[in-house]
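1. after the sequence you'll find the predicted model.
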Amino acid sequence: MKSILLATPNTDRMIALTDILQKQGYVVIPASDADMARSFFHDDVRPEAVIIDNGMKGFWGVMGTARLQNSSPPSVIVMSERVSVTDYLEALNMGAFDFIFLPISSSELMRIVHAAVCQCACRQSGSPQNGR
């Protein structure tokens, strides 16, 4: 099964997104703070994608840690309630796969997650990546 690291301090958001992802067959690894999220990159846990709340304290450190997984870094999806072009561009410049503005529909979320997981699988296999 494919796993997703979901990092957000917002309990309601964690519950709602976990429910959506699990219904689609993903294993969700919850992290309510940046230290917890970073700890998963030091274990044998290798999520195919990371969904991270850019409002979480320590957000940029988690982004950096995720991108340093040289063997097969997970695809990082940044989520935000704030519409900020600066945050959007900064996240993409740091290597985020995508940036989603909340609220988001279940179908749009799953389209992005599926594409991110496929990107990670392509990197692991050495296959060319398809466009989003």
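-> It's in. Numbering: from 1, shown residues only.

2. for the protein, give me the ranges with low pLDDT.
-> For the chain, applying pLDDT under 70 flags the ranges 42-43, 65-72, 120-132.

3. doesn't Ala96 belong to a strand?
-> No - Ala96 is assigned coil when assessed by DSSP: H, G, I helix; E, B strand; the rest coil, not a strand.

4. tell me the SS of the closest residue to Val62 other than its chain neighbours?
-> Leaving aside its chain neighbours, Val62 sits nearest to Ala37 (4.7 Å; criterion: CB to CB, 6 or more residues apart in numbering). For glycine as for every other residue, the C-beta is placed from the backbone atoms N, C-alpha and C. Secondary structure assignment for Ala37 (three-state DSSP): helix.

5. distance of Ala37 from Gly58?
-> Ala37 sits 8 Å away from Gly58, going by CB to CB, to the nearest Å.

6. specify which residue of those two has the higher count of neighbours.
-> Ala37 (27 against 17; other CB atoms under 10 Å).

7. residues of stretch 104-117 that come out buried?
-> Residues Leu109, Met110, Ile112, Val113, Ala115, Ala116, Val117 are the ones in stretch 104-117 that count as buried (16 or more other CB atoms under 10 Å).

8. kindly report the same for stretch 92-107.
-> Ala96, Phe97, Asp98, Phe99, Ile100, Leu102.

9. measure it end to end?
-> 22 Å (CA to CA, to the nearest Å).

10. can you give me the strands in the chain?
-> Taking DSSP state E as the criterion, the chain contains strands spanning 3-7, 27-31, 49-53, 75-80, 98-101.

11. quick one, the second one and strand 3-7 angle?
-> Looking back up the chat, that one is strand 27-31. Angle of strand 27-31 versus strand 3-7, following axes from the mean of the first three to the mean of the last three CA atoms, to 10 degrees, is 20 degrees.

12. what is the top helix by length along the chain packed up against?
-> With secondary structure taken from DSSP state H, the chain has its longest helix at helix 106-125. If you count contacts as 3 or more CB pairs under 8 Å, 6 or more residues apart in numbering; DSSP states H and E, helix 106-125 packs onto helix 11-23, strand 49-53, strand 75-80, strand 98-101.
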